[in-house]
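In: Output the structure for:
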Amino acid sequence: MAATKNHQVLKNKRKREGVSRKTKTLLNKSYKLGKLPGIDIALTICNRGQYYVYKSIDRESFPPTIAEIKMSYPLPKVFLPRDFEKDEN
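Out: Model (predicted):
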């Protein structure tokens, strides 16, 4: 029983470390993408109540609100998880 509990603790620790590593990678890639001309990045990650926020420009008015984005032209491209999941059919 103790071995099973230790295994689960290690599994959870590895999962948290993986999420932490992926978060750092995503923040770093956002930084690099934001350095390209004409690209502004706003990224918000919430992991278990802890927020990570990255903005490529330091302005109070950035990022725009959802309402401002919806009113912008050209129309925004909105992506959901299903847009990235493999077709399982």
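In: Can you show me the helices along the chain?
Out: Counting by DSSP state H, one finds helices in the chain at the ranges 2-34, 66-70.
In: so which of those comes closest to Thr44?
Out: Among the helices of the chain, helix 2-34 comes nearest to Thr44, with 10.6 Å by CB to CB. For glycine as for every other residue, the C-beta is placed from the backbone atoms N, C-alpha and C.
In: For the nearest residue to Val53 once chain neighbours are set aside, give me its contacts.
Out: Excluding its sequence neighbours, the residue lying closest to Val53 (CB to CB, 6 or more residues apart in numbering) is Thr44, at 5.2 Å. By CB atoms under 8 Å, 6 or more residues apart in numbering, the contact set of Thr44 is Tyr51, Tyr52, Val53, Tyr54.
In: Could you find the residue nearest the spatial middle of the chain?
Out: Ile45 (4.5 Å; CA atoms, centre = their mean).
In: mind listing what that residue touches?
Out: Here Ile45 is in contact with Thr23, Leu26, Leu27, Tyr51, Tyr52, Val53 (CB under 8 Å, 6+ apart).
In: Wait, the first one touches Tyr52, no?
Out: What it means is Thr23. Yes. Using CB atoms under 8 Å, Thr23 is in contact with Tyr52, at 6.1 Å.
In: Figure out the length between the terminal residues of stretch 42-57.
Out: With CA to CA, to the nearest Å as the measure, the ends of stretch 42-57 fall 9 Å from one another.
In: now swap in stretch 65-74 and tell me
Out: One end of stretch 65-74 to the other measures 16 Å (CA to CA).
In: For that stretch, which outside residues touch it?
Out: So stretch 65-74 is in contact with Pro64, Pro76, going by CB under 8 Å, 6+ apart.
In: Flag the shaky bits of this structure, pLDDT-wise.
Out: Applying pLDDT under 70 to the chain flags the ranges 1-3, 87-89.
In: rerun at 90
Out: By pLDDT under 90, the low-scoring segments of the chain are 1-19, 47-48, 66, 78, 85-89.
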